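# just the structure for this:
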Amino acid sequence: MRIGTRKSTMALAQTEEIARRLSIAAPELNVEIVKFETTGDTDQTSKLLVHGGKGGAFVAEIRAAVVSGRLHAAMHSLKDMPGNEDTPGLVIGATLARDPPTDALVLRPGVTIEDIRRSRGRGFKIGTNAVRRAAYARRLFPEIEVIHFRGAADTRVRKLDGREMQRLPGGGEVGPADALIMARAGLERLGFADRIACELSPREMLPAVGQGIVAVECAVQDWQTRRYLALIDDPAAHLSCDAEREVLWVLNGHCNSPIAGYSTIEGAEMTLTASVLDDARDGKFIEVTRSGPANRPRELGRAVGLELLHKGAADIIARTRPEA
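Sure thing, here's the model as predicted:
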């Protein structure tokens, strides 16, 4: 089985975990990892929007290789997969058990979380490329300056520690950053758990849709590959995947939309919270929480998405569209 993945340290670690689980579940299977240097990996300065968002930057090239038959499957971080569009002929064949979905603050040496909280962020620069993280950061620390900050996770930490300036898409530089907002799971996977100064709870910063879930995509009619992938599929993560991505579908969200969504399962019940928030300082914030049968995740996601629309989410999303 040929599985495609990005060349980044994080993506390779996730794909190697998929290969390990497949080799245990099906010892007869020979797994080959095929590395791709995607547009988003090559260009670490421009905003992802110019490449068609995360989908165009990190997913499209590998997906095309599956569609053409050059690969049997592709590994994606679920949060990087566009939720407002489908690639005909492809299906998520497996999701691994969800890693911690929360975000965390990483601080440069000499800065403390108490310093930032006491000042409400005044005088500090926090780096992120995610509109969702930027919007929540301004709610948590109203006086903080959010700056454009891209790169692989280990590269970002190195730039933070070295007080390096970050190149801006249109030219010029910004920085250096005093703090970064990063995924807790990614930091732990790369051995940076000791750099987590503060974990942000879902109430403080609702995770991105699918954050912490590794997805494996394959051709919808490749039944042999689908049978193998089903052996490593985590049912709970797949249910959460379906519920959260349904919200994106209903909202027709794009890469520049500050949309968040996170679901939990207790027994036979799923609880889903999703939000849409304006990334402008003191911007509008809409949040919806609903519960329902865990075995009907798309129905729950649809209900949450429709309620967000009823409360005005479409106006916020429209203002953040590239053509607006």
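# residue 262 and residue 206 touch, don't they?
Yes: between residue 262 and residue 206 there is a contact under CB atoms under 8 Å: 5.7 Å. The C-beta positions use only the backbone N, C-alpha and C, and glycine is treated the same way.
# now do the shared contacts for the two.
Shared contacts of residue 262 and residue 206 (CB atoms under 8 Å, 6 or more residues apart in numbering): 273-274.
# what's the spacing between residue 115 and residue 178?
For residue 115, the distance to residue 178 (CB to CB, to the nearest Å) stands at 9 Å.
# next: residue 32.
In this view, residue 32 and residue 178 are 43 Å apart by CB to CB.
# which of those two has more neighbours?
Higher neighbour count among residue 32 and residue 178: residue 178, with 22 against 11, using other CB atoms under 10 Å.
# grab the nearest non-local neighbour of that one.
Of all residues not flanking residue 178 in the chain, residue 124 sits nearest, at 4.5 Å (CB to CB, 6 or more residues apart in numbering).
# thought the one you found was touching residue 142?
No: if you go by CB under 8 Å, residue 124 and residue 142 don't touch, sitting 11.8 Å apart.
# those two: who's more crowded?
residue 124 (18 against 12).
# just the buried residues of stretch 198-212, please?
Neighbour-count burial for stretch 198-212, counted by 16 or more other CB atoms under 10 Å, picks out 198, 200, 205-212.
# measure that stretch end to end?
18 Å (CA to CA, to the nearest Å).
# wasn't residue 224 part of a helix?
Yes: per DSSP: H, G, I helix; E, B strand; the rest coil, residue 224 lies within a helix segment.
# sorry, back to before: any idea which of the buried residues of stretch 198-212 is closest to residue 21?
Nearest to residue 21 out of the buried residues of stretch 198-212 is residue 212 (CB to CB; 16.6 Å).
# backbone phi and psi for that closest one, please?
phi 90, psi 0 (degrees, to the nearest 10).
# of all the buried residues of stretch 198-212, which comes closest to residue 64?
When the buried residues of stretch 198-212 are compared against residue 64 (criterion: CB to CB), the nearest one is residue 210, at 20.9 Å.
# mind jotting down where the helices sit in the stretch 51-200 of the chain?
Secondary structure of the stretch 51-200 of the chain (DSSP state H, counting those that start in this stretch): helices located at 53-54, 60-67, 113-118, 131-140, 153-161, 184-189.
# looking at the ones you listed, which is closest to residue 228?
Ranking those by proximity to residue 228 (CB to CB) places helix 60-67 first, at 14.4 Å.
# so for the closest residue to residue 208 other than its chain neighbours, what's the pLDDT?
The spatially closest residue to residue 208, leaving aside those adjacent along the chain, is residue 79, at 4.4 Å (CB to CB, 6+ apart). Listed pLDDT for residue 79 reads 91.
# ok, residue 79 touching residue 215?
No: with contact defined as CB under 8 Å, residue 79 does not reach residue 215; the gap is 9.5 Å.
# tell me which of those two has more neighbours.
residue 215 (24 against 20).
# residue contacts, that one?
By CB under 8 Å, 6+ apart, the neighbours of residue 215 are 75-78, 81, 92, 94-95, 241.
# quick one: secondary structure of it?
Secondary structure, three-state DSSP: residue 215 is strand.
# how close does it get to residue 80?
9 Å.
# show me the contacts for the closest residue to residue 200 other than its chain neighbours.
Distances taken as CB to CB, 6+ apart place residue 103 nearest to residue 200, at 4.8 Å, with adjacent residues excluded. By CB under 8 Å, 6+ apart, the residues touching residue 103 are 133, 181-184, 199-200, 205, 207, 211.
# hmm, try it at 7 Å
Residue 103 makes contacts with 133, 181-184, 200, 205, 207, as judged by CB atoms under 7 Å, 6 or more residues apart in numbering.
# can you check residue 140 too?
residue 204.
# can you pull up the most central residue in this protein?
residue 79 (3.0 Å; CA atoms, centre = their mean).
# returning to what we had before: so what pairs up with the residue nearest to residue 200 in the strands?
On the basis of DSSP bridges, residue 103 is bridged to residue 183, residue 200.
# and residue 274, what's its pLDDT?
Per-residue confidence (pLDDT) for residue 274: 98.
# so it touches residue 247, yeah?
Yes: using CB atoms under 7 Å, residue 274 is in contact with residue 247, at 4.7 Å.
# have a look at the two and say which one is more surrounded.
Neighbours per residue, other CB under 10 Å: of residue 274 and residue 247, the larger number sits with residue 247, 32 against 29.
# thinking that one is in contact with residue 300, fair?
No: with contact defined as CB under 7 Å, residue 247 and residue 300 do not form a contacting pair (9.2 Å).
# okay, and the common contacts of the two?
Overlap of the contact sets of residue 247 and residue 300 (by CB under 7 Å, 6+ apart) is empty.
# could you check the pLDDT of residue 320?
According to the prediction, residue 320 has pLDDT 72.
# that one and residue 132, how far apart?
For residue 320, the distance to residue 132 - CB to CB - is 11 Å.
# who has more neighbours, the two?
Set residue 320 next to residue 132 and count neighbours by other CB under 10 Å: residue 132 wins out with 26 against 20.
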